[in-house]
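>>> what shape does this take:
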Amino acid sequence: MEDFCRICSRSGEFQKFDLSIVSQISNVRIDDMIVYCTQQEVSIGDSLPQQICAACFTSLTSAFLFRKLTYQSENEFRQMIISTLTDQHDQSDLQHQEPIECLLSGIDPQVIIPDESILPDVAIKEEALELEEPLVDNILPSLLGESLLPIEDPPEGIVIPQRKPKGRGPTTYACKDCGYITQNCFNFKRHQQNQRHFSFCKLSTNRPLNVVKQILQQYISPAVKYDPPKQRKRRMKKPAKPERVPRVPRKPRMPGARRSNTLFRCDDCGYQNNLRFNFQRHQKNWNHTRTSTFQNAPMNSTTEKSMLECRDCGIEFSSNVKLKAHRRESCPKKIEPPNPYANIDEVLALCRNMAGGTVRKRRKRKVETTEVKAEPLDNEPISELKLEISEPAATETENA
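A predicted model of the protein is given here:
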């Protein structure tokens, strides 16, 4: 036997039941309950009742009890209707005898008096009562009127909550004076206070805003249009400019101005520096301890500028750029380098004499060009040709 429930397909959680064992309800077999509730056919020798878990078994029992109670309540309700109809027939005139007999003859006896057995082979016949028109018009209104009870007012301590009506949507406000439309109440009140416009109309609906605007435009004069106020920029007067005080020219900063005149020298290696920090770093790196200092040391190496001299005319310049410009443009004694191609004819004659012959020179090839003038295909001049683009239909008809 497979180890899972055949109803919920869970494995290892079912209890084995015998076909002869009945359920919690007396005189009802498990296979009958399965057929009655799940509408599944259980053949002879089928192991479906033996492969049901405990959870499915309890739910099956509760479903069976619920259907049994509803079946009994339905039968009681039908019997009550029939009894009321028969009592009304005894008290009424003989003219109602035929409709009641027709009604009783049309009801199935199994529905009026149901069988006590509730096995699945007994089907529940859900047939509606079909009443004729005179019986419905004469008897049913009186029965319904008697069955209705008067409505009593609730006690004072109980408060019945009232349902709030559904909202109609946002409210749209429109100014009749200028046509300003908005859905914000605060903005509309501010518009009324600023513009002194107090005639307006409003509409509450769930329609889109463009439709609402078309509806509200009917109440606004067409000649008036809303022009939003332009925000003017306030130009502040510029303060008068104070009189300019002439700036005191600064002294030119020398490249060695921050350096002290004290010169630090290392006696171990001869290292010299004007900055104490750099000299101490040198001592730590190289473990040199012997030092000597000189006050008011000459700073020629830092203050003096190297001057550049033109070798042709002897003029001195402070930068290399000025020297190059002078030699390129304005040097009066500039010596030009010799041209290697100046004596080319003499060199060629010397080579010809040494070779004992003539030296051929390359000649340039002449390329002859011919001009071809194109003439028009037709004898008509080009100025008389016209292209009509504005009327394409006329050209099509002519080609056809």
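
>>> buried sites along the top helix by length along the chain?
In the chain, taking DSSP state H as the definition, the longest helix is helix 54-91. Across helix 54-91, burial judged by 16 or more other CB atoms under 10 Å covers 56-57, 60-61, 64, 75, 78, 82, 85, 88-89. For the C-beta atoms, the positions are set from N, CA and C on the backbone; glycine is no exception.

>>> and those, which is closest to residue 268?
residue 56 (102.4 Å; CB to CB).

>>> what separates that closest one from residue 313, distance-wise?
121 Å (CB to CB, to the nearest Å).

>>> ditto for residue 219
Taken as CB to CB, the span from residue 219 to residue 313 is 99 Å.

>>> what's the answer for residue 324, then?
Using CB to CB, residue 324 is found at 14 Å from residue 313.

>>> same check on residue 184?
88 Å.

>>> next up, the contacts around the closest residue to residue 326 other than its chain neighbours.
Leaving aside its chain neighbours, residue 326 sits nearest to residue 310 (6.1 Å; criterion: CB to CB, 6 or more residues apart in numbering). Neighbouring residues of residue 310 by CB atoms under 8 Å, 6 or more residues apart in numbering: 316-317, 323, 326-327, 331.

>>> if any of those residues are buried, put those into a PyMOL selection.
The PyMOL command for the buried members of these (criterion: 16+ other CB under 10 Å) is given here:
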select buried, resi 317+323+326+327+331
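
>>> so which of the contacts of residue 310 is the closest to residue 37?
Closest approach between the contacts of residue 310 and residue 37, by CB to CB: residue 323, at 115.8 Å.

>>> nearest residue to the closest one in space, please, no chain neighbours.
residue 317 (4.4 Å).

>>> show me what contacts the one you found?
307-310, 323, 326.

>>> got the buried residues for stretch 182-198?
Residues of stretch 182-198 classed as buried: 188, 191-192, 197 (neighbour count, 16+ other CB under 10 Å).

>>> out of the residues you listed, flag the one nearest to residue 4.
residue 188 (70.8 Å).

>>> the closest one: what secondary structure?
For residue 188, the assignment made with DSSP: H, G, I helix; E, B strand; the rest coil gives helix.

>>> OK, contacts around it?
Counting by CB under 8 Å, 6+ apart, residue 188 has contacts 173, 175, 180, 182, 200.

>>> domain parsing for this protein?
16-88, 172-219, 263-295 (the TED database).

>>> I figured residue 173 was touching residue 186, is that so?
No - if you go by CB atoms under 8 Å, residue 173 and residue 186 don't touch, sitting 10.6 Å apart.

>>> separation between residue 211 and residue 179?
For residue 211, the distance to residue 179 - CB to CB - is 17 Å.

>>> now swap in residue 81 and tell me
Look at residue 81 and residue 179: by CB to CB, they are 69 Å apart.

>>> in which helix or strand does the closest residue to residue 197 other than its chain neighbours reside?
Using CB to CB, 6+ apart and skipping residues adjacent in sequence, the residue nearest residue 197 is residue 177, 3.9 Å away. Assigned by DSSP states H and E, residue 177 belongs to no helix or strand.

>>> low-confidence ranges, the stretch 151-300 of the chain, go.
151-168, 221-237, 248, 251-260, 294-300 (pLDDT under 70).

>>> can you do 90?
Within the stretch 151-300 of the chain, the segments meeting pLDDT under 90 span 151-279, 284-300.

>>> now do the helices in it.
185-195, 209-216, 276-286, 300-303 (DSSP state H, counting those that start in this stretch).

>>> among these, which comes closest to residue 4?
It is, among the helices of the stretch 151-300 of the chain and with distance given as CB to CB, helix 209-216, at 61.5 Å.

>>> make CSV out of the contacts of residue 310 and add secondary structure.
As requested, the contacts of residue 310 are arranged in CSV below (three-state DSSP):
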residue, secondary structure
316, strand
317, strand
323, helix
326, helix
327, helix
331, coil
